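Trainee: Model the following, please.
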Amino acid sequence: MKSLRGLIGIILALALAAFGAPALAQTKIYSLTLPTSSVAPGQTAEIVATFKNETPNGNSSFNSIQGLKVTGPLSIVGVRVPNGGVQPSPIPAAGVKSINITSMSPVKNGQTFAVTLTVKADSAVGCTNSSATWTVDNVWTGSALSGNTFARIPAGSAWPTTTVTGGACSLSFAPAPADALTNQSITSSPFSDIGPSVKVKAVNGSNQPVSGVPVRLEKSGGLCTIASTSYVTTDANGLAAFSGLASTAAGGCTLTATTTQPNVTAASASFNIVEGTLKIAALPNPVISPQSVTVSLVNAANSNATIPVAGTVNLTGDCAPGTSGRALAGTVTFNSLAFRAGTCALGATGTFAGLSFATVPATSAVSVATITTAGSLECLDTVPAQATFNASINANDALQTDWAAGYRGPSTKGGCPTVGYQTTNNIVGPSGTVDAKGFVLPSNAFSIVFDDPLGLYDVVLSYTLTFQAELSGSNGQPDSTKTVKYCKQGTTGNTANDKNCALQANQVELPGCLNPDITLLSIPPGHPACQSGLAWSTVAPSECSTAPTGDQACIRVTIKVTDGKDPPIIR
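Mentor: Numbering: from 1, shown residues only. As a prediction, the model looks like this:
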């Protein structure tokens, strides 16, 4: 019986234990609340995180908090607590993502513990708002992150968050597109296909660059033909770079940058697409050779507007073949080019920014008269190599050999100082050329000027002139009315007419020389020069400007002149 009572006692004890278990167990719980708030990019704010001991009964308290963390575009840059210690201490200026709080005064059930957090939002946030989430690793009963832990309520609920405002982003061109040639890559440097790419910058509401923003360009105005681009994502500096932009049409142009965020656009400043062409600067008519030639890359719609881009230029045609040079800013000048006498063709081609250009029309006719200057004419009997001259523009050109060539004769006054001279070979040039003395020469004229103004020395030249081909008389012989003359200065007092060698009044038939010697004594008195020989030959009919008919022939006349006073000689 006694044993039975013992067994019944044990059963009752177990039943009582089972019945009273929920009431006797100690439940440790807490809650965490943060106010709804937002922080602007790059700015700081204070947020109070409140921990409350929600344990319903008993004397359980918490004394330390482990791992109060924030994830997302926020950092903790400062902490204040009513008691206890915060680690790390001090908090780095750059901020931390997690803190611990230890050695707190016991927070008993029903009591709260407020942690004042100074937070800073990242600068480079996106174009829309983002959230930073607050979590806690553990809340401990012990003061040194030890003992038993508390559970957060409501169990399984979302952790509190803080909003980091991105706001509407804005776009801008940085740098913007610059003027370019048709079919040339458009960059931010005018007319440079190797300049910096056109870029669009995305910034947030705090003017901070934003990465990962998809941007594209499309034409929004003007006559250009730039196609819309694919989306390009901004880099860490908020920049989207665009290469391969080009237009096949000339005219003004405006681009607009857009992104996938609604109503975010930016328009570029207007820029120009220019069609280029090569232009040869106006030459005198007739050209006096040697002649400098300037070639520029210009706007086809405005030939006075040079396009400042580097390139290479080649002259075409037969005026100065094989001439090429480098244009540093859209322009190159070829100095003192030797042009062939008569009429030649001149044009230019060039390459700029990888594109080909040419003059329009490709070549133009140029009328040329020739000037050749030599500085050392000695007497023939002293220094023969320096006694001769050749007024042909190109001694290697078979069509011009000996158009005007000669030498200085021996002196009879003793001594033979250097004589400078200048020739104007207008034998195949048009009328209107002016020589060194101001004489206006007709076509088929030649002038040589030498510097013996006081006549201190007997400067005498002997030279041969080969004139343009001309039609003969009806018997195939030179027309006797076509004589060789020299030009004298008139005495009318009319400056324009006094030196106009086309006027009959200023023309005197060239007399024959008294003897074949090259001396002043061989020139008839009262005349500055004389003719010591004349010959003619039949040449191809194509060399005459008018085709021969009947018994006519195409002939070329050559004369030899002894010259003591440098008058222009006219055929």
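Trainee: Where does pLDDT dip in the stretch 301-450 of the chain?
Mentor: Where the stretch 301-450 of the chain drops to pLDDT under 70, the residues are 341, 369-376, 381-387, 392-402, 414-415.
Trainee: Over to the stretch 151-300 of the chain?
Mentor: Those would be 167, if you go by pLDDT under 70 across the stretch 151-300 of the chain.
Trainee: What's the local residue count around residue 114?
Mentor: Residue 114 has 12 neighbours, counted by other C-beta atoms under 10 Å. Backbone N, C-alpha and C define where each C-beta goes, glycine included.
Trainee: show me what contacts it?
Mentor: Contacts for residue 114 (C-beta atoms under 8 Å, 6 or more residues apart in numbering) come out as 48-51, 81-82.
Trainee: 7 Å instead?
Mentor: Contact partners of residue 114, counting by C-beta atoms under 7 Å, 6 or more residues apart in numbering, are 48, 50, 82.
Trainee: Helix, strand or coil: sort out it for me.
Mentor: At residue 114 the chain is in strand, as set by DSSP: H, G, I helix; E, B strand; the rest coil.
Trainee: coming back round to it: can you tell me which of the contacts of residue 114 are in strands?
Mentor: Within these, residues falling in strands by DSSP state E are 48, 50.
Trainee: Is it possible to get JSON lines of the contacts of residue 114 that adds pLDDT and neighbour count?
Mentor: As requested, those are exported to JSON lines (pLDDT from 0 to 100; neighbours: other C-beta atoms under 10 Å):
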{"residue": "48", "pLDDT": "97", "neighbour count": "13"}
{"residue": "50", "pLDDT": "98", "neighbour count": "13"}
{"residue": "82", "pLDDT": "96", "neighbour count": "11"}
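Trainee: ok, the closest residue to residue 210 other than its chain neighbours - contacts?
Mentor: Excluding the flanking residues, the one nearest residue 210 by C-beta to C-beta, 6 or more residues apart in numbering is residue 202, at 4.7 Å. Contacts of residue 202 were listed using C-beta under 7 Å, 6+ apart, and they are 169, 171, 209-210, 213, 215, 234, 238, 259.
Trainee: hmm, try it at 10 Å
Mentor: 126-127, 169-172, 208-215, 233-235, 237-240, 257, 259, 261, 264, 266 (C-beta atoms under 10 Å, 6 or more residues apart in numbering).
Trainee: got it, and residue 474?
Mentor: Per C-beta under 10 Å, 6+ apart, neighbours of residue 474: 549-553.
Trainee: Equivalent analysis for residue 56, please.
Mentor: Contacts for residue 56 (C-beta under 10 Å, 6+ apart) come out as 26-27, 29, 109-110.
Trainee: May I see those arranged in a markdown table, with distance to residue 328 as well?
Mentor: Formatted as a markdown table, these follow (distance: C-beta to C-beta, whole Å):
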| residue | distance to residue 328 |
| --- | --- |
| 26 | 90 |
| 27 | 87 |
| 29 | 82 |
| 109 | 87 |
| 110 | 86 |
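Trainee: ok, so of those residues, who is nearest residue 296?
Mentor: residue 29 (86.8 Å; C-beta to C-beta).
Trainee: Find the nearest non-adjacent residue to that closest one, please.
Mentor: Closest residue in space to residue 29, ignoring its immediate chain neighbours: residue 54 at 4.5 Å, by C-beta to C-beta, 6+ apart.
Trainee: and the one you found, how many neighbours?
Mentor: For residue 54, the count of nearby residues is 17 (other C-beta under 10 Å).
Trainee: Look up how far residue 82 lies from residue 117.
Mentor: Separation of residue 117 from residue 82 (C-beta to C-beta, to the nearest Å): 14 Å.
Trainee: which among the contacts of residue 474 end up buried?
Mentor: Neighbour counting with 16 or more other C-beta atoms under 10 Å marks 552-553 as buried within the contacts of residue 474.
Trainee: Among the contacts of residue 202, name the buried ones.
Mentor: Buried by 16+ other C-beta under 10 Å: 126-127, 169-171, 208-210, 213, 215, 234, 238-240, 257, 259, 261, 264, 266, out of the contacts of residue 202.
Trainee: can you tell me which of those are in strands?
Mentor: 170-171, 215, 239-240, 257, 259, 266.
Trainee: how does this structure divide up, domain by domain?
Mentor: Taking automatic domain parsing as the criterion, the chain consists of the domains 29-164, 170-273, 276-366, 378-570.
Trainee: before we move on, the earlier item: okay, the contacts of residue 114 in TSV with distance to residue 350 next?
Mentor: Below are the contacts of residue 114 laid out as TSV (distance: C-beta to C-beta, whole Å):
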residue	distance to residue 350
48	74
50	78
82	82
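Trainee: Go through the contacts of residue 114 and say which is closest to residue 287.
Mentor: For those, the nearest to residue 287 is residue 48 (91.5 Å; C-beta to C-beta).
Trainee: From residue 120, how far off is that closest one?
Mentor: Using C-beta to C-beta, we find residue 48 at a distance of 16 Å from residue 120.
Trainee: from memory residue 217 sits against residue 224, does it?
Mentor: No: the pair residue 217 / residue 224 is not scored as a contact, 11.9 Å apart, by C-beta atoms under 10 Å.
Trainee: Between these two, which contacts overlap?
Mentor: Residues within reach of residue 217 and of residue 224 at once, by C-beta under 10 Å, 6+ apart, are 177, 245, 255.
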